[in-house]
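Asker: Build me a model from this:
(chains A and B)
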Amino acid sequence: MPASVRDPATLAVERHSDGLVVFTFTVPDHRHNVITPRFLADLAAALDDLERSSGRLIPRGLVLRSGREGSFFAGADVSRLDALRDLPAAEIARLCDAGRSLFARLSAAPWPSVAVIDGVCLGGGLELALACDLRVATTASHTSLGFPEVKLGLLPGWGGTVRLPRLIGPGPAIELAAAGESVTAEAAARLGLVDACVPSEQALETARQLIDVETTTGGIAARRRRQVEPVALDPQERAFLEATTAAVILGRTGGHYPAPPAILQTILAGSDVDAAAAGAIESQAFAKLAATPVSAQLVRVFRIGERNRHDSGVAGDVTPAEVQTAAVVGAGIMGAGIAASHLRADVPVTLVDVNAQTLAASVPGILDEAAWDRATKRTDPARALALAGGLRTATQLAAIAGADLVIESVTERPDVKTAVLADIERAVGPDTVIATNTSTNPITRLAEAVTDPTRFCGIHFFNPVRRMTLVEVVRGPATSDATVATAVALAKRLGKCPIVVRDSPGFLVNRVLMPYLHEATELVREGIDPARIDRVARGFGMPMGPIELYDMIGLDTAFYAGLVLSAAYGDRIEASPLIPALVKSGRLGRKTGSGFYRYSGADQKARIIGVDPEGRRVLDRYAVAPRETTDRTIADRLLLPMLLEAVRAVDEGIVRDPADIDLAVIHALGFPPFRGGLLAWADTLGPSEVLRRLEPLADLGPRMIPTERLMALARTGGRFTA
Amino acid sequence: MPSLRDPATTPVVIACCRTAIGRSHADRGLFRHVRGDELATAVVQGVVERSGVDPATVEDVILGATQQRGELGGNVARCAALMAGLPLATAGATINRLCGSSLEAIARAAHAIAAGAENVQVAGGVEHMQHLPMESAVDIHPRVLARTSRGMLSMGLTAEHLAATHGISRRRQEEFALESHAKAVRAADAGLFDDEIVRVLGHDEAGGVIEAVADQSIRRDTSLEAMAALEPVFLPKLGTVTAATSAPVSDGAAAVLLMSEAEAARQGLEPLARIVATAVTGVPPAVMGTGPIAATRKLLARVARLGITLADIDFVELSEAFAAQAIHCIDELGLDPARVNVRGGAIAIGHPLGASGARLATTLLHSLRDSGGRYGLATMCIGLGQGIAILVERP
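Answerer: Numbers count the residues shown, from 1 in each chain, chains lettered A, B, ... in the order given. Reported below is the predicted structural model:
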């Protein structure tokens, strides 16, 4: 019988002869099932029908499952969040109440209900599942459960914060909801989040068995009671849980994100009272978070990330070539990292290096990295063994003959790169895409090394490759759309976030990074304590300050990158004299145990001890007249030259979309997502305010002079991100 | 009261001993090349020998160990009994009440005697925290955390919590730790540990074989200035608990020989003390450091009918998992600091978890013997929120 006369329905109803009723959801027009208003209406109607007809025959149980491969429900429809944000708080709270009440009908019905979870079960989807009396998850690899709302600056608003702590305890509930990470079905079973974890084909039968067992043992009534009553948590345990969790959250968020502490407080407060009162607390908390600017920024960052995932990297309709095997030439740190990321993504890769020793030495690290299990924080030996077959090594370029795409990753010297690229072209077939991984060499220049520059582009990975998700796909003037699309598609297979940029010195990321770094050295010359500069940058939300970053990059590396950029943008980005001076005194950064700072050792984990007298002498040699400087002006001076450079990059058409700049700085520089990225942050100030802040800095030179378009934006009240 | 006691069911301690306590350090630890079961064997053998008991009469060996696997797996108490050359008829059981394990072993032996069950018994414990680290191979169920929190799995965080909620300053913790070392140094220098330490072979830091007779973690060179320079371990930047104010991880073993008063008389052995009462209790895991408070109060309630009060207790051996935790217990119970851990505590001597209770009992019994006290109390805090206490009386 039809659940609803409307069409197309998102929900189909089956009545089995044994009394089981099955609701199967299929929400059209989305990759996964998502909860839409239409679905909520269909669910309400289906429950109405069931209640009406149950006078004749009370169902043995109700099973909720998805008709879509790979998803139970991926959550609420994120595209609707912006409209939600504009509603008054009371209206938002009412919408939460309505959803929660609808789901609560499941746990108030005279029959038991089971959610069969085969695929992603996130956010509102998990709240729906939690509203059922029982849950069966499948062992299929696509099955995962979680509350990702926190990543959008929100909390679960349809009963998640009410039901979860009652089911698995407040502490584990806070961990799950405040971190936003999904768990596997096995982990969910361990947590008590699901009642059984079985292969997909057994799921329905298991649901039936659970219903029968729990009905006859009175388990359903006990479960429902537990879901309504306050959580009995010892007061001392509650105080400790609150204190330790708050400390962990503060450590992770730096206090910049309102959602995790709100989740902590909402779950704790909701645990103290009955479910009805907890629901009211949840609605209020959700409405409050929905109105925060941080949530608005996080939703936008999510959206531009999704757009990037579906973007081919070129304007037209171009099908990327399929890369069945790739090759990497050069087994240095970058080459090895790039090879490992291919292997990890199951793309067979041939690694070539003329130096047999370098090559051999790189292999264990590559396998370790490719088989690294993020969950257990160690290499999975079985996986490493399985992946080893996908890695070929060779000292001769002849080995790359069959590759569909080759990434040259030899030393940054243009003469060497040119020679190697020419050799690569001779070694491969006519359709192979040839890419260079470079941070400083112009693609246009390197393209001259190959006879067919249409199949040549830059693929700029960042160091360390395993951790840095951004990839710049750099197109030279002759690069074809097909080449770009192939590079973009490959980068995505590697799990990266590729942005396509036109060739220009420093491409995009280093070009906007350098003014920020350079300004920090100017502040140091003016006598500002490096630790203060770093503190201000961290306070803004950067993962580390510019001075720490210099020391991490390595001052020799920074020196060469700076040369390229100052040659190109000399009037705006001058090479700081501090960098060569530090290099000359042997202070290369963390790797030598001292740079701007002195460190407790020469490894990446060493602690900063401070600026030592010898370092101070080097820095003092280039001292300039101090300026009046507040923490606000330090932040402005670091960020505004960066912004101006980003605006120029947009004006010059270096990026295809201003949003790419925000994605790039978030992924590559750790620019704080809660600020939405560089341009989104500038939009929160507005162009007029940016101009006003630049004014007192104008005497610092061309790097602080507003561009034409900035002034135009200020006149028209335009937006940087538009 | 004593006249009402039946010597046949009155548990007494005849002898006790321990190994030196080594640092759990892979390159420098005293016992880095010595197995934990060998340490256990040394104290079982040692306590039988120094008691003068007829080995044929030893009925059971009860040892506590928190990591019962590898070299401490397969019921190490039985293994140690076999290795120590005790009769094949001597039974063996390994038990786990985490940090309270070997006080628990002593309590169980006493209970068996009081119940008229096994009579002559060795009770003690062993831990090798370098060979068998405490975090490994443990899989706490999330539903345990559902009643408490993940944070309580970090004992250091529970100490931070006590310090924060009771205003125990970092400086006060450091002064306490410094005093613990100073007392241990004085005791060691005066030879007060000589009687209790059984001689086993170990290795010095350079790798040479030595007779392990001195506790390795006791520091002569520490100072408030040195302590003040340390970073908080469990709560970076914000916290007050550092490596200096936490007990070190340690390797070692300790054991006590018990029997009934009647059996001692029969074998012509002179008891060191009798076991007057024991108590265990649970407390919220988040405040596991308060375990000794709850356990001691429970024990005192039990002996109130005998007219024994806290004021009658001459010496207290209190676990020093953390200075903050020990300070809080002293404050709350109103203990006289001059009677607590008079020969230094675990912060100085070390804390080989499963062996610590018997180590405390051993040191307590020697303190009582040497200074003619009457009542002694050993009490410990236990992870996941428990406390244990044992009261002894010199004859």
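
Asker: what is the rounded mean pLDDT of the strand or helix carrying A:T483?
Answerer: Element membership for A:T483 (DSSP states H and E) is helix A:481-493. Helix A:481-493 carries an average pLDDT of 97.

Asker: and for it, what are the contacting residues?
Answerer: A:309, A:311-316, A:318-321, A:323, A:326, A:345, A:347, A:405, A:433, A:435, A:454-457, A:459, A:471, A:473, A:475, A:497-498, A:500 (C-beta atoms under 8 Å, 6 or more residues apart in numbering or on different chains). All C-beta spots, glycine's among them, are computed from the backbone N, C-alpha and C.

Asker: what's the angle from the very next helix or strand once past it to helix A:481-493?
Answerer: Downstream of helix A:481-493, the first helix or strand assigned by DSSP H and E is strand A:497-502. Using axes from the mean of the first three to the mean of the last three C-alpha atoms, to 10 degrees, the inter-axis angle of strand A:497-502 relative to helix A:481-493 is 150 degrees.

Asker: Contact partners for A:V301?
Answerer: A:662-663, A:666, A:673, A:676-677, A:680.

Asker: Just the pLDDT at A:K377, thanks.
Answerer: 83.

Asker: same deal with the one 10 residues further on?
Answerer: With respect to pLDDT, A:L387 has a value of 92.

Asker: Please name the residues that touch it.
Answerer: A:343-344, A:346, A:367, A:370-371 are the contacts of A:L387 under C-beta under 8 Å, 6+ apart.

Asker: ok but it is inside a helix, no?
Answerer: Yes: residue state for A:L387 (DSSP: H, G, I helix; E, B strand; the rest coil) corresponds to a helix.

Asker: Please report the distance of it from A:A403.
Answerer: Counting by C-beta to C-beta, to the nearest Å, the separation of A:L387 from A:A403 is 18 Å.

Asker: sorry, back to before: if any of the contacts of A:L387 are buried, put those into a PyMOL selection.
Answerer: Selection of buried members from those for PyMOL, criterion 16 or more other C-beta atoms under 10 Å in any protein chain shown:
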select buried, chain A and resi 343+344+367+370+371
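
Asker: With only the CA atoms kept, save the helix or strand of chain B with the lowest mean pLDDT in CSV.
Answerer: Least confident helix or strand, chain B: helix B:142-145 with a mean of 92, by mean pLDDT, DSSP states H and E. The C-alpha trace of helix B:142-145 is given here as CSV (Å, rounded to 0.1, in the frame of the first residue of the first chain):
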residue,chain,number,x,y,z
PRO,B,142,33.5,2.5,26.8
ARG,B,143,30.6,1.6,29.1
VAL,B,144,33.0,2.0,32.0
LEU,B,145,33.6,5.5,30.8
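
Asker: helices or strands up against that helix?
Answerer: helix A:170-179 (3 or more C-beta pairs under 8 Å, 6 or more residues apart in numbering or on different chains; DSSP states H and E).

Asker: Mind listing residues that contact the helix it packs on?
Answerer: In contact with helix A:170-179 (C-beta under 8 Å, 6+ apart) are residues A:146-147, A:149-150, A:155-156, A:160-161, A:164-165, A:167-168, A:183, A:191, A:193, A:231, A:233, A:238, A:241, A:245, A:249, A:259-260, A:263-264, A:267-268, A:271, B:142, B:145-146, B:148-150.

Asker: One more: stretch A:594-608?
Answerer: A:524, A:530-531, A:547-548, A:550-552, A:554-555, A:582, A:586-593, A:609-612, A:615, A:619.

Asker: quick one on the thing from earlier: how far out from the middle of the chain is the least confident helix or strand of chain B?
Answerer: 28 Å (C-alpha atoms, centre = their mean, to the nearest Å).

Asker: After it, which helix or strand is next? Please name it.
Answerer: Counting by DSSP H and E, what follows helix B:142-145 is helix B:155-165.

Asker: in that following helix, what counts as buried?
Answerer: Here helix B:155-165 shows B:155-164 as buried, counting by 16+ other C-beta under 10 Å.

Asker: what about whichever helix or strand comes after that helix, average pLDDT?
Answerer: Beyond helix B:155-165 on the C-terminal side, the first helix or strand identified by DSSP H and E is helix B:170-189. In this model, helix B:170-189 has a mean pLDDT of 98.

Asker: and helix B:170-189 with helix B:155-165, angle?
Answerer: Using the same axes, to 10 degrees: helix B:170-189 against helix B:155-165 is 120 degrees.

Asker: For B:A389, see how far away B:V276 is.
Answerer: 11 Å.

Asker: quick one: which of the two has more around it?
Answerer: B:A389 (29 against 20; other C-beta atoms under 10 Å in any protein chain shown).
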